[in-house]
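J.: okay, here's the prediction I keep looking at, along with the sequence it came from:
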Amino acid sequence: MSLRDWALIAQESYTAQPDLGKSNSSGRVVFVQSQEGLILAIPGTNNIECLLADIDILAHDAGECGIVHSGIWNAFDEVWLDVSQLSVHALVGHSEGAAGAIFLAARLCLIGKAPKVVYAFEPPHTSIDSKLADIFTKFNVELHVLRHGLDIITTVAIPLPDFPWQHPKLLELFGKACLPFDNIEDHLMKNIIADLPD
């Protein structure tokens, strides 16, 4: 599938009824069946519970997954038991959902159910150490952490000396910025999709 196809799946997850999690919760998962297998599509922030998860940037010790973003980790911990029972080909998410896709994929790796690929569109920083990156490398997961234009969300939480917030892989940059500085317009799914070829 093309990058645009993955972005469309991420966009559609916002309006689909969740298969896991409640519609008004911060951790939701939509099942998408493909020829290759099950895709978990994960919407991002679109309600107050998601916003509360986003702003909870305390560092949480997630064991083998390292020191992670507390609010988003906890949001997707709510659906982890159900996800752990699945055989998953791929995960895709946007924004908070992209971070959730990263966390769930890493946890699947650690129980011997590594997915083949993860597409994380515009996630915030997920951790302050290299443990997530090490997991994806060890289990040969094709991980794409994507930044459209000058999307500001990919720069938060702001790295500090004692809290060097980071992504589990170097960002893959694509598209043209809507504005000449870090901005929220580049974060919107409609602008991401408009910037990808058919």
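T.: Yes, it's here.
J.: centroid-nearest residue for the protein?
T.: Ala98 (1.3 Å; CA atoms, centre = their mean).
J.: verify the stated contact: it with His125.
T.: No. Taking contacts as CB atoms under 8 Å, Ala98 lies outside contact range of His125: 11.2 Å. Every residue, glycine included, has its C-beta placed from N, CA and C.
J.: quick revisit: which residues touch the residue nearest to the centre of the chain?
T.: Neighbouring residues of Ala98 by CB atoms under 8 Å, 6 or more residues apart in numbering: Ala10, Ile42, Gly44, Ala120, Phe121, Glu122, Pro123, Val145.
J.: off-centre distance for the helix or strand containing it?
T.: Per DSSP states H and E: Ala98 is located in helix 96-110. Computed by CA atoms, centre = their mean, to the nearest Å, the chain-centroid distance of helix 96-110 equals 7 Å.
J.: go on, stretch 14-34?
T.: With CA atoms, centre = their mean, you get 14 Å for stretch 14-34.
J.: distance between the ends of that stretch?
T.: 19 Å (CA to CA, to the nearest Å).
J.: now swap in stretch 140-160 and tell me
T.: End to end - CA to CA - stretch 140-160 spans 30 Å.
J.: chain center to it: distance?
T.: With CA atoms, centre = their mean, you get 9 Å for stretch 140-160.
J.: all further residue positions should be reported with the first residue as 25.
T.: I'll keep to 25 as the first residue from here, and by that count the last item is stretch 164-184.
J.: average pLDDT across that stretch?
T.: Summarised as a single mean, pLDDT over stretch 164-184 is 97.
J.: and if you look at stretch 77-91?
T.: Per-residue scores along stretch 77-91 average to 97.
J.: could I get the full set of strands for the chain?
T.: With strands called from DSSP state E, the chain shows them at 54-58, 61-66, 83-85, 91-93, 114-118, 141-145, 166-172, 196-198.
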